[in-house]
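1. Need the 3D shape of this:
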Amino acid sequence: MLLLAGACRCSKPAEPAGEEAVQSVYAGAVKTPEPRARSLCQALHGLPAERRVACCGGAPGRLLLDECTRVLSLALGSGNVDLDARRTEACIANQQAAFAGCGWIGPSAPPLPEVCQGLTVGKLEKGAQCRSALECRDGLRCRGLGPTQAGVCDAPGAPTTACDLGADPLAVYLLQDSGAHPECAGACVRRTCVAAVGVGEACTFGGQCGPEAHCAAGRCAPGRSAPDGEACTVGACAPGSVCHEGTCVRRKQESERCAADEECLGACLHPDGGAGMCGMRCPD
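-> Below you'll find the model as predicted:
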């Protein structure tokens, strides 16, 4: 997905004569990165990479950090989108606390906390050209958007409308979900908008229930995610929690007892074949 969003800087063959080069919707260099972009992208991408190196060794990759900073700087410079100062400050502080130690290192990256969602304020009205759904006012999507093609701010798609057809570059780098900018008025299932399953009705996965509900114990329940202790399907729990044996549970911290990796922020270690304990496991 990140490559589709224009993150690759690989060399490519020269364009045939008479044909215009294909460019990312956020093409262009930035001489002086926007300070707010640099700070936020450092918290989202630079800090985890640096801490992983400090804990496990190796060299930090800079591609995600640099591209996030470039794309966000261009977006902010256009005036089409701004950052919510309060949420951005809270997100950066949360990231600094979350990555202070090494216990989070394991098979998968820690989930982005809820405070790090909704960081942007879109300025574009319906009908305006957009390069990301985040540039549009809340409640609007960027219809027709692709990694190399701008779209148009529009209302969420009605049933039978195509959806989930391309990556949103700015949303990819800022790790934002589509909650404030849903592609469909109902739900996107197999790349087609369908009517959402109503609260209390039968479901098999969360996407069926629409953006403001989730699938729990085979029925759509109110709320974007299931609280800890509630029955769940995979992916239905709040950030920081996991659906373990059919129930949402908070991911365990370093030194807490565990049986499987999925229970831990990092990994479930079994020293000398003994009982499991959450801790750091560096990649091979």
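
2. what sits against Asp229?
-> One thing to correct before we go on: residue 229 is Gly, not Asp. Gly229 is in contact with Thr247, Cys248, Val249, counting by Cβ atoms under 8 Å, 6 or more residues apart in numbering. Quick note: C-beta positions are derived from backbone N, CA and C, even for glycine.

3. And for Lys31?
-> Going by Cβ under 8 Å, 6+ apart, Lys31 touches no other residue.

4. So it: helix, strand or coil?
-> Here Lys31 is coil, with the state taken from DSSP: H, G, I helix; E, B strand; the rest coil.

5. ok, it to Gly77 distance?
-> Taking Cβ to Cβ, to the nearest Å as the measure, Lys31 falls 11 Å from Gly77.

6. Now Ala90: closest residue in space that isn't a chain neighbour?
-> Excluding the flanking residues, the one nearest Ala90 by Cβ to Cβ, 6 or more residues apart in numbering is Val115, at 4.8 Å.

7. Surely the one you found is in a helix?
-> Yes. Counting by three-state DSSP, Val115 is part of a helix.

8. burial count for it?
-> Other residues near Val115 come to 18 when the count uses other Cβ atoms under 10 Å.

9. Give me the pLDDT value at it.
-> Note on Val115: pLDDT of 93.

10. Would you agree Thr204 is in contact with Cys220?
-> No. With contact defined as Cβ atoms under 8 Å, Thr204 does not count as touching Cys220 (10.5 Å).

11. of the two, who's got more company?
-> Per other Cβ under 10 Å, whichever of Thr204 and Cys220 has more neighbours is Cys220, with 20 against 10.

12. in whichever strand or helix holds the more buried one, what's buried?
-> Element membership for Cys220 (DSSP states H and E) is strand 219-222. Across strand 219-222, burial judged by 16 or more other Cβ atoms under 10 Å covers Arg219, Cys220, Ala221.

13. How about stretch 268-282?
-> Buried positions in stretch 268-282, judged by neighbour count with 16+ other Cβ under 10 Å: Cys268, Leu269, Gly276, Met277, Cys278, Gly279, Met280, Arg281.

14. contacts for it?
-> 55-57, 102-107, 252-261, 263-267.

15. ditto for stretch 180-194
-> Against stretch 180-194 from outside (Cβ under 8 Å, 6+ apart): 118, 122, 133-134, 136, 138-142, 155-165, 195-197, 207-211.

16. again with stretch 98-117
-> Stretch 98-117 has contacts (Cβ under 8 Å, 6+ apart) with 44, 47-48, 51-52, 54-56, 87, 90-91, 94-95, 175-177, 179, 238-240, 251, 253-255, 261, 264-267, 278-282.

17. Tabulate the CA atom coordinates of it in CSV.
-> Output in CSV follows, covering the C-alpha atoms of stretch 98-117 (Å, rounded to 0.1, in the frame of the first residue of the first chain):
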residue,chain,number,x,y,z
ALA,A,98,4.5,4.1,24.5
PHE,A,99,7.9,3.7,22.9
ALA,A,100,10.0,4.6,26.0
GLY,A,101,11.1,1.1,26.7
CYS,A,102,11.6,-2.1,24.7
GLY,A,103,8.8,-4.4,25.9
TRP,A,104,6.6,-3.4,22.9
ILE,A,105,8.9,-5.1,20.4
GLY,A,106,7.4,-8.3,19.0
PRO,A,107,5.8,-9.9,15.9
SER,A,108,3.7,-6.9,15.1
ALA,A,109,3.8,-3.1,15.7
PRO,A,110,1.7,-1.7,18.6
PRO,A,111,-1.7,-0.5,17.5
LEU,A,112,-2.1,3.2,17.0
PRO,A,113,-4.0,4.7,20.0
GLU,A,114,-7.4,6.3,19.6
VAL,A,115,-6.0,9.7,20.4
CYS,A,116,-3.9,9.5,17.2
GLN,A,117,-6.9,9.2,15.0
